[in-house]
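Asker: Coordinates for the following, if possible.
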Amino acid sequence: MKFGYFCNLTNTTHKPYTQVLDETRDIARYCDQTGWNSIWFTEHHLNHEGMDACPNPLMMSADIAARTKDIRIGQAANIITFWNPLRVAEDIAMLDQMSGGRIEVGLGRGVYGREAIHMNVDADLKDQGKNFRLFDESLQIMKKAWTQELFSHQGEFYTYPAPGFTWQHDMSPPTPELVNTKTNELKQIGLVPRPLQTPHPPLWQVVDGHMSIDWAARNGLNTIMWIPTVKALKQRFEVYQKAKSEAEGRDVPLGEGICLVRDMFVADSMDEAEEKAGEGILTYLRWIAHWRGLGNHMDPGEELPETPGKLDLLTYDFLHPRNLLFGTPDYVAGKIEELRDELNLQNLQVWSNFPGVPHDDVMKSVHMFTEQVMPRFASDGMKLAG
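Answerer: This is a model prediction of the structure:
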């Protein structure tokens with residue numbers, strides 16, 4: 001099993017941002033030195049509340065790439081509907097070159113309306129169909145830019161090169177591949193640099209619903225999932241397995257191409273895990289569940305009692321048996337074994353730096369997970385230091 005650290009920056013206590021960065025670097029350096037496979041950064045905007053404090057995972061990835069040697073560095077995810085696809089393709093290619101080919105590329109459509117409408121009006125989440133078409137077209141352009149020396153594109157949102165643009169320069173020979181030699185109208189453009197990994201870095205889409213999971217599998221994308229119970233995940237894994245098998249004409253093993261994110265806090269006792277990090281994860285999930293409700297935390301067919309408030313059931317006791325890796329090393333290892341045995345899970349991301357949890361407590365949890373949980377999965381092909 002490959003282990004990654006899901007490094008979602010939070011800053012609900014509004015400490016200096018330089019401190020947030022230093023604590024993030026501390027986690028990354030430790031994970032790099034102790035054999036973790038990867039570390040991942042998120043993208044969120046305009047979040048003055050501090051639940052999500054990283055607006056640019058590519059810049060964060062570049063900073064960490066310069067401070068580490070072996071660990072792979074991913075984004076979970078780049079919200080490509082918010083960016084010009086040429087710009088984000090360039091930035092990812094540049095980062096892949098700078099890191100020596102250590103980049104994993106996460107892709108997302110966006111989940112918060114306040115972000116989307118202000119970053120790109122075409123990405124407005126009130127029109128999910130348009131948002132998806134924008135995502136699809138942006139990804140098409142990025143793949144062309146990474147894999148073709150010269151390329152062109154005509155779509156609903158973007159046309160490259162710009163129609164009617166003429167190009168004539170003594171140091172740029174007017175070849176017929178580049179321009180119309182009679183009119184000098186530009187016919188194709190090319191990305192510099194292109195990625196070090198070929199044809200491009202591994203691509204991962206953050207997914208939730210069955211339709212998105214099916215689409216990702218049929219379009220050659222790995223997937224990242226978060227929150228659901230084992231029983232609910234089993235259905236999602238099977239949707240991906242079936243679609244990927246049909247798309248590739250082979251029997252794809254369950255779990256291939258999927259990474260799961262789990263909330264993790266390892267402590268000396270079950271009570272200590274709840275005491276130190278229980279309120280931190282509840283704070284974050286109250287933020288998420290305000291829009292999503294509790295559906296992602298439920299087993300298939302499960303019905304919850306009605307309550308006056310939609311989040312009245314969101315308690316530690318409700319969450320813990322469903323999807324939290326909170327507790328002693330033995331307990332956490334047992335829950336990971338369940339994920340491996342039931343889902344053939346091959347890629348697991350975990351995080352402990354929840355809102356308001358002191359950095360020393362975060363690092364103790366990460367140390368205990370590294371030293372007392374990860375070695376139990378060495379026979380699964382886990383990368384270990386030394």
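
Asker: send the alpha carbons of the longest strand seen in the chain over as CSV?
Answerer: For the chain, the longest strand by residue count, based on DSSP state E, is strand 258-266. Output in CSV follows, covering the C-alpha atoms of strand 258-266 (Å, rounded to 0.1, in the frame of the first residue of the first chain):
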residue,chain,number,x,y,z
ILE,A,258,-8.2,4.8,-6.8
CYS,A,259,-6.9,6.7,-3.8
LEU,A,260,-8.8,7.2,-0.6
VAL,A,261,-8.5,10.1,1.8
ARG,A,262,-9.1,9.3,5.5
ASP,A,263,-9.1,11.6,8.5
MET,A,264,-6.4,10.2,10.9
PHE,A,265,-5.2,10.9,14.4
VAL,A,266,-3.0,8.4,16.2
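
Asker: if you average pLDDT over that strand, what comes out?
Answerer: Averaging pLDDT along strand 258-266 yields 98.

Asker: For the stretch 151-300 of the chain, just list every one of the helices.
Answerer: 210-218, 230-248, 270-292 (DSSP state H, counting those that start in this stretch).

Asker: How about the last one, which residues are buried there?
Answerer: Of the residues in helix 270-292, those scored as buried under the neighbour-count criterion (16 or more other CB atoms under 10 Å) are 272-274, 276-278, 280-285, 287-289. C-beta: built from backbone N, CA, C; applies to glycine.

Asker: and of those residues, the nearest to M142?
Answerer: Each of those was checked against M142 using CB to CB; the closest is I288, at 27.5 Å.

Asker: how about the residue lying closest to I39 once chain neighbours are set aside, what does it touch?
Answerer: Excluding the flanking residues, the one nearest I39 by CB to CB, 6 or more residues apart in numbering is Y5, at 4.6 Å. For Y5, the contacting residues are 27-28, 31, 36, 38-40, 349-351, 366, by CB atoms under 8 Å, 6 or more residues apart in numbering.

Asker: Generate JSON lines for those, with distance to Q19, pLDDT and secondary structure as supplementary columns.
Answerer: Formatted as JSON lines, the contacts of Y5 follow (distance: CB to CB, whole Å; pLDDT from 0 to 100; DSSP: H, G, I helix; E, B strand; the rest coil):
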{"residue": "I27", "distance to Q19": "13", "pLDDT": "98", "secondary structure": "helix"}
{"residue": "A28", "distance to Q19": "15", "pLDDT": "98", "secondary structure": "helix"}
{"residue": "C31", "distance to Q19": "19", "pLDDT": "98", "secondary structure": "helix"}
{"residue": "W36", "distance to Q19": "23", "pLDDT": "98", "secondary structure": "coil"}
{"residue": "S38", "distance to Q19": "24", "pLDDT": "98", "secondary structure": "strand"}
{"residue": "I39", "distance to Q19": "19", "pLDDT": "98", "secondary structure": "strand"}
{"residue": "W40", "distance to Q19": "21", "pLDDT": "98", "secondary structure": "strand"}
{"residue": "Q349", "distance to Q19": "24", "pLDDT": "98", "secondary structure": "strand"}
{"residue": "V350", "distance to Q19": "23", "pLDDT": "98", "secondary structure": "strand"}
{"residue": "W351", "distance to Q19": "18", "pLDDT": "98", "secondary structure": "strand"}
{"residue": "V366", "distance to Q19": "17", "pLDDT": "98", "secondary structure": "helix"}
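
Asker: Is L348 in a helix, a strand, or coil?
Answerer: What DSSP: H, G, I helix; E, B strand; the rest coil gives for L348 is strand.

Asker: in terms of contact, does it touch C259 like I think?
Answerer: Yes: applying CB atoms under 8 Å as the test, L348 and C259 come out as touching, 7.2 Å apart.

Asker: Look up phi and psi at the residue nearest in space to the middle of the chain.
Answerer: With distances taken as CA atoms, centre = their mean, A76 lies nearest the centre of the chain, 1.6 Å away. The phi/psi pair for A76 (degrees, to the nearest 10) reads phi -130, psi 70.

Asker: What distance do you get for it to Q154?
Answerer: Look at A76 and Q154: by CB to CB, to the nearest Å, they are 31 Å apart.
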